[in-house]
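A.B. asks: Mind folding the following:
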Amino acid sequence: MGYLWLFSLPFTTRMTVIRLPDGGLWLHSPTPLDEGLRKEINALGPVSHIVAPNRIHYWWVGDWKQAYPEAHTYAAPKVVQEAAKAGRFSGFDKELTDTPPAAWAGIIDQQVVPGSYLSEAVFFHRPSRTLVLTDLIENFEPDKVTCGWLKPMLKIGGVADPNGTMPRDLRLTFLAQRKELRTAVQKMIDWNPERLLLAHGRWYAEGAVGELRRAFHWVL
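C.D. replies: Numbers count the residues shown, from 1 in each chain. Modelled structure (predicted):
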């Protein structure tokens, strides 16, 4: 596609990188930074924006900020407090809301999905019709899990490919925000995405709207 790349780790945590029209790179859910990955990123362009989409996916932002001090950093609600409590980087430039910053407005739409434990910022890349989620859907591939006892747990938890959903324990934390979650999911559907990128497990290269309806049938 020329403007969107995926970088994965062995335990299936994924960072998404988008090149904006000005050539700057937008990094979502940054993974550990090593020299090899840094070279790959540098070959794509300058890092301009680093996004922590929820209170779980912030851990490595500080390393990326140190490597790319000119980059702006963005955090979903509750991230700053969680990061400060953990002694990690918490000096984010801006908290994410439903309104995209001017730097990517018109290219990437966004909304914050509020939960009692975890509020997640989700993004829609208009040019590629790609929806980017973090933990609202997980879709681990059992044949890539080496720990035998973990395989049945994936199915029990509702996060086994090809029918990954929101983890059942996380689902419980959205019960009080069921109406807000339904509204947020409907907005994702209205964006009419074709691709659905996930931070964990196999992503969906097509049919994203159908996958959203399937994964969130319990709230729609």
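A.B. asks: any weak-confidence spans in this structure?
C.D. replies: Low-confidence segments of the chain (pLDDT under 70): 1-11, 146-149.
A.B. asks: for it, which residue is closest to the average position?
C.D. replies: Nearest residue to the geometric centre of the chain (C-alpha atoms, centre = their mean): Thr134, 3.0 Å.
A.B. asks: wait, that residue sits on Ser29?
C.D. replies: Yes. Contact criterion C-beta atoms under 8 Å: Thr134 and Ser29 qualify, at 5.6 Å. The C-beta positions use only the backbone N, C-alpha and C, and glycine is treated the same way.
A.B. asks: Common neighbours of the two, please.
C.D. replies: 53, 57, 199 (C-beta atoms under 8 Å, 6 or more residues apart in numbering).
A.B. asks: Am I right that the first one is in contact with His28?
C.D. replies: Yes. With contact defined as C-beta under 8 Å, Pro53 and His28 form a contacting pair (6.2 Å).
A.B. asks: Just the buried positions in the longest helix along the chain, please.
C.D. replies: For the chain, the helix that runs over the most residues, judged by DSSP state H, is helix 178-191. Using 16 or more other C-beta atoms under 10 Å as the burial criterion, the residues of helix 178-191 that qualify are 180-181, 184-185, 188-189, 191.
A.B. asks: Check these against Ser48 and report the nearest one.
C.D. replies: Relative to Ser48, the closest of the buried residues of helix 178-191 is Trp191; by C-beta to C-beta it sits at 23.3 Å.
A.B. asks: So which residues of this protein form strands?
C.D. replies: 4-8, 14-19, 25-28, 47-52, 72-75, 94-95, 108-113, 120-125, 130-132, 195-197 (DSSP state E).
A.B. asks: Export those as CSV, with columns for distance to Ile41 and mean neighbour count.
C.D. replies: As requested, the strands of the chain are exported to CSV (distance: least, C-beta to C-beta, whole Å; neighbours: other C-beta atoms under 10 Å):
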stretch, distance to Ile41, mean neighbour count
strand 4-8, 8, 14
strand 14-19, 7, 22
strand 25-28, 7, 24
strand 47-52, 6, 25
strand 72-75, 16, 24
strand 94-95, 22, 13
strand 108-113, 18, 21
strand 120-125, 18, 24
strand 130-132, 17, 26
strand 195-197, 17, 22
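A.B. asks: Put together JSON lines for those, with distance to Gly36 on each row.
C.D. replies: Below are the strands of the chain laid out as JSON lines (distance: least, C-beta to C-beta, whole Å):
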{"stretch": "strand 4-8", "distance to Gly36": "10"}
{"stretch": "strand 14-19", "distance to Gly36": "14"}
{"stretch": "strand 25-28", "distance to Gly36": "16"}
{"stretch": "strand 47-52", "distance to Gly36": "16"}
{"stretch": "strand 72-75", "distance to Gly36": "23"}
{"stretch": "strand 94-95", "distance to Gly36": "30"}
{"stretch": "strand 108-113", "distance to Gly36": "27"}
{"stretch": "strand 120-125", "distance to Gly36": "25"}
{"stretch": "strand 130-132", "distance to Gly36": "23"}
{"stretch": "strand 195-197", "distance to Gly36": "22"}
